[in-house]
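Novice: Can you look at this prediction? I've put the sequence above it.
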Amino acid sequence: MWGIFNLTGQGWLQLQELGLAFVLSALVGVEREIRQKAAGLRTNTLVGVSAALFMLISKYGFMDVLDNGRVVVDPSRVAAQIVSGIGFIGGGVIFMRRDAVKGLTTAASVWLTAALGMACGAGLPILAVATTVGHFIIMLVFPKLITYLPDQRRTANLRIVYAEGENRLQAILVACTAMRFSIDHLDVERGSAQLPEEAQDLADREGQTVESAPSVVALTMHVIGKSPVGHLVARLSSLEGVMRVGSAEHDGSLD
């Protein structure tokens with residue numbers, strides 16, 4: 001039965017390379033599966049084994065058309081196409097959630113899995129194993145090292161002056177949460193008597209007297225987050241009824 005097929009490039013060596021790609025890709029997939037990522041065990045294993053098979057096809061699949069050097073096959077062309085094509089799978093697991101990008105590490109792991117399969121298919125098992133070890137160092141050791149880095153969180157004391165209205169305080173707090181800022185301290189002042197300058201500013205804006213204009217509220221809060229504070233200031237300034245957003249220390253606008 002097998003005599004009708006050309007078995008060149010289909011021996012134990014190639015099966016071992018496919019098997020190694022299967023094992024290494026599955027190891028990466030298990031780590032991703034435990035972390036409940038979009039691309040888990042099945043996705044990473046399929047990508048790695050498929051990439052290895054592509055490389056083996058590129059190396060051995062055209063032996064029957066080679067005749068005395070008249071046809072030249074460049075296996076690196078298939079490798080380049082795998083690198084380009086895997087971007088579609090990686091791009092599918094990247095998405096936006098609120099104001100943060102999610103899935104970048106998962107997409108990178110899929111890209112790495114494809115590289116592992118290519119290395120196995122190309123007959124470079126030592127490099128494939130070393131890269132797999134590097135993957136687990138990056139995923140398991142690096143997060144612990146990051147905890148020793150200087151704190152990258154941004155903090156600020158903000159003072160928001162706004163015209164009192166229904167759900168406006170809630171809108172401010174929701175805006176902070178949406179931009180992934182936590183509020184460590186909050187203080188509220190309200191009333192024209194306690195805030196005479198702000199009340200006069202609001203009355204001038206509304207074209208009314210201080211007595212007939214809406215009540216003024218000054219909200220002071222300490223915010224903590226990883227995004228630039230200026231982005232939060234811009235977001236709060238755009239909310240309905242907000243008159244001014246500035247630093248609680250200097251009572252001025254933030255850049």
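Specialist: Cool, the structure landed.
Novice: In this protein, where is pLDDT below threshold?
Specialist: Applying pLDDT under 70 to the chain picks out residues 1-9, 61-76, 90, 92-102, 146-147, 149-153, 191-200, 202-214, 249-255.
Novice: Can you show me the helices along it?
Specialist: Applying DSSP state H to the chain gives helices spanning 12-34, 41-60, 76-92, 104-121, 125-136, 142-146, 168-178, 196-206, 229-237.
Novice: Pull out the buried residues from the first one.
Specialist: So the one you mean is helix 12-34. Residues 14, 17-18, 20-29, 31-33 are the ones in helix 12-34 that count as buried (16 or more other CB atoms under 10 Å). The way it works is simple: take the backbone N, C-alpha and C, and place the C-beta from them, glycine included.
Novice: how does the protein divide up, domain by domain?
Specialist: Taking automatic domain parsing as the reference, the chain has its domains at 2-146, 154-247.
Novice: still on that earlier bit, from the buried residues of helix 12-34, which is closest to L186?
Specialist: For these, the residue nearest L186 by CB to CB is R32; the value is 39.5 Å.
Novice: Just give the closest residue to that closest one, not the sequence neighbours.
Specialist: Residue nearest to R32 in three dimensions, not counting chain neighbours: G40, with 5.1 Å by CB to CB, 6 or more residues apart in numbering.
Novice: quick one on the thing from earlier: distance to V217 for the helices of the chain - can I get that in a markdown table?
Specialist: Shown next, in a markdown table, are the helices of the chain (distance: least, CB to CB, whole Å):
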| stretch | distance to V217 |
| --- | --- |
| helix 12-34 | 48 |
| helix 41-60 | 51 |
| helix 76-92 | 45 |
| helix 104-121 | 40 |
| helix 125-136 | 52 |
| helix 142-146 | 39 |
| helix 168-178 | 7 |
| helix 196-206 | 9 |
| helix 229-237 | 13 |
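Novice: closest to T220 out of the ones you listed?
Specialist: Within the helices of the chain, the stretch nearest T220 is helix 168-178; the backing value is 11.7 Å (CB to CB).
Novice: Check which helices and strands the closest one sits against.
Specialist: Here helix 168-178 touches strand 154-163, strand 182-190, strand 216-225, helix 229-237, going by 3 or more CB pairs under 8 Å, 6 or more residues apart in numbering; DSSP states H and E.
Novice: Throw these into TSV and include distance to A115 and mean neighbour count, thanks.
Specialist: Formatted as TSV, these follow (distance: least, CB to CB, whole Å; neighbours: other CB atoms under 10 Å):
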stretch	distance to A115	mean neighbour count
strand 154-163	36	19
strand 182-190	38	12
strand 216-225	35	20
helix 229-237	36	17
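Novice: okay if I get those as CSV plus distance to A130?
Specialist: Formatted as CSV, the helices and strands packed on helix 168-178 follow (distance: least, CB to CB, whole Å):
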stretch, distance to A130
strand 154-163, 38
strand 182-190, 41
strand 216-225, 38
helix 229-237, 41
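Novice: So for G85, which of those sits nearest?
Specialist: Closest approach to G85 among those (CB to CB): helix 229-237, 35.9 Å.
Novice: of the helices of the chain, which approaches L158 most closely?
Specialist: Nearest to L158, of all the helices of the chain, is helix 229-237, at 7.2 Å by CB to CB.
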